[in-house]
Each structure stands twice: as structure tokens, then as C-alpha cells.
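Asks: Structure for this input, please:
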Amino acid sequence: MGDQKSKLDALTGLRGVAAFSVLFGHAIINTFSYEPIVWPFSARFDYFGMSLFFVLSGFVIHYNYADLFRAESLKAATR
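Replies: Model (predicted):
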């Protein structure tokens, strides 16, 4: 398995957006917890960031390991 996949630098920026949206959503909740009107607004940031992280993680795992699972048996690929 000598071939290296190229880095996907654009995903680093998306990870930053996802991390910031979760941070911002939590900051809003903790700062304005007494205002019930703020909860739906901050929840959107949290859900966006967590969903984006989930999708990016699935894509990166597939990108890095798809060839290995195609070439090897399941037992050999999961070592």
C-alpha cells in the first residue's frame, strides 16, 4: 500500500467552519440562556456544525480506505 492520497486542503477549511459553528452555537446558548428566543437560532448552528463534521468524516474515511477494502478481504483490510 505504497500510494499516498493527496491532501484535501479544502476540507480543512470546511472543518474550521463546522468547528466554529458548533463553538458559536454553544457560546450563544451559554451567554443568552435566559432568552428563550435564542435557542432555535443557536441550535441551527450546532446542528449544522455537527452534521457537517459527520459528513466530512464519512467522506474522508471512504476517500482514504476505499481502495484498501476493494483490494483486500474484509479481515485483511481491518487490521
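Asks: In three-state terms, label the residue most central in space within the chain for me.
Replies: Residue closest to the average C-alpha location in the chain (C-alpha atoms, centre = their mean): Phe53, at 1.4 Å. Three-state call for Phe53 (DSSP: H, G, I helix; E, B strand; the rest coil): helix.
Asks: Now it: closest residue in space, sequence neighbours ignored.
Replies: Ala18 (4.8 Å; C-beta to C-beta, 6 or more residues apart in numbering). Where you see a C-beta, it was placed from the backbone N, CA and C, and this is true even at glycine.
Asks: Poorly predicted segments of the chain, please.
Replies: 1-4 (pLDDT under 70).
Asks: Taking the chain centroid, which residue in it is the extreme one?
Replies: Outermost residue of the chain (C-alpha atoms, centre = their mean): Tyr34, 29.8 Å.
Asks: for that residue, helix, strand, or coil?
Replies: coil.
Asks: can you tell me how far it sits from Ala71?
Replies: As for Tyr34, its distance to Ala71 is 57 Å (criterion: C-beta to C-beta, to the nearest Å).
Asks: in what helix or strand does Ala10 lie?
Replies: helix 9-31 (DSSP states H and E).
Asks: which parts of that helix are buried?
Replies: Buried residues in helix 9-31, counted by 16 or more other C-beta atoms under 10 Å: 15, 18, 21-22, 25, 28-29.
Asks: for stretch 38-46, same thing?
Replies: Neighbour-count burial for stretch 38-46 [16+ other C-beta under 10 Å]: 42, 45-46.
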